[in-house]
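> how would this look folded up:
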Amino acid sequence: MVVIGITGPTGAGKTTVLNVLAQFGAKIVDCDALYHKMLEHDESMLGELKIRFGDGIFGADGTLRRKALGDIVFGDPRALADLNAITHRHILRELDALIAKAKEAGRPAIALDAIALIESGLADRCDVTAAVTADDELRARRIMDREGIPEEYARKRIAAQKPSAWFEERCDHTLRNDGPKAELEEKARALFSTIIPKEES
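Numbering: from 1, shown residues only. As a prediction, the model looks like this:
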């Protein structure tokens, strides 16, 4: 089984690429969604956060108060580093279990969708990484169309993220998405047909 990491900035077309991977029989894991689910339900991770940051980050009903946690870490580099160390370790543990389960189920591949694939260490779990990138102007229009937000806000979102070149330099492959959706799908199929074992796809 092949573990494939998919990353890239918002509005570039990662969802289209992941849909192609699903057609190859790959198990798709949205790492951001997994993280938020763990912040709600993973007792092991929440317990470690309580030890490090105190009871004050939890509400009376026991749920994590993200704003309270954010107020602590975003002004304190050491606290932020501790938060990342705790959450990354638990996410990697959960991903290892998902990878093992996908392998046991006979999946030909598992795809990890993560904007912070490189920085978080998730790339180390991957056999292959691919960056999905696109021109900034196109990305702005796609974000505006997708989310119904003003152009100024879309451009702020883009400016807050790493540029396409950063992802391209650090991944094994790049899927550039400056044309129609069908063109990206074709590029993705061509790439993954060389990566995912044919006898298992």
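
> hey, C-alpha coordinates of the least confident helix or strand in the chain by mean pLDDT in CSV?
Across the helices and strands of the chain, the lowest-confidence element by mean pLDDT, DSSP states H and E is helix 151-159, at a mean of 90. Presented in CSV, the C-alpha positions along helix 151-159 are these (Å, rounded to 0.1, in the frame of the first residue of the first chain):
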residue,chain,number,x,y,z
GLU,A,151,-12.0,39.8,-3.1
GLU,A,152,-10.1,41.6,-0.3
TYR,A,153,-10.7,38.8,2.2
ALA,A,154,-9.8,36.1,-0.4
ARG,A,155,-6.5,37.9,-1.1
LYS,A,156,-5.8,38.2,2.7
ARG,A,157,-6.3,34.4,3.0
ILE,A,158,-3.8,33.8,0.2
ALA,A,159,-1.3,36.3,1.6
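
> which residues touch it?
9, 10, 11, 136, 139, 140, 141, 143, 144, 147 (Cβ atoms under 8 Å, 6 or more residues apart in numbering). From N, CA and C alone the C-beta is placed, and that goes for glycine too.

> ditto for stretch 7-18
6, 28, 111, 113-118, 123, 129-134, 138-140, 142-143, 146, 154, 157-158, 161-164, 167, 171, 175, 177, 181, 184-185, 188.
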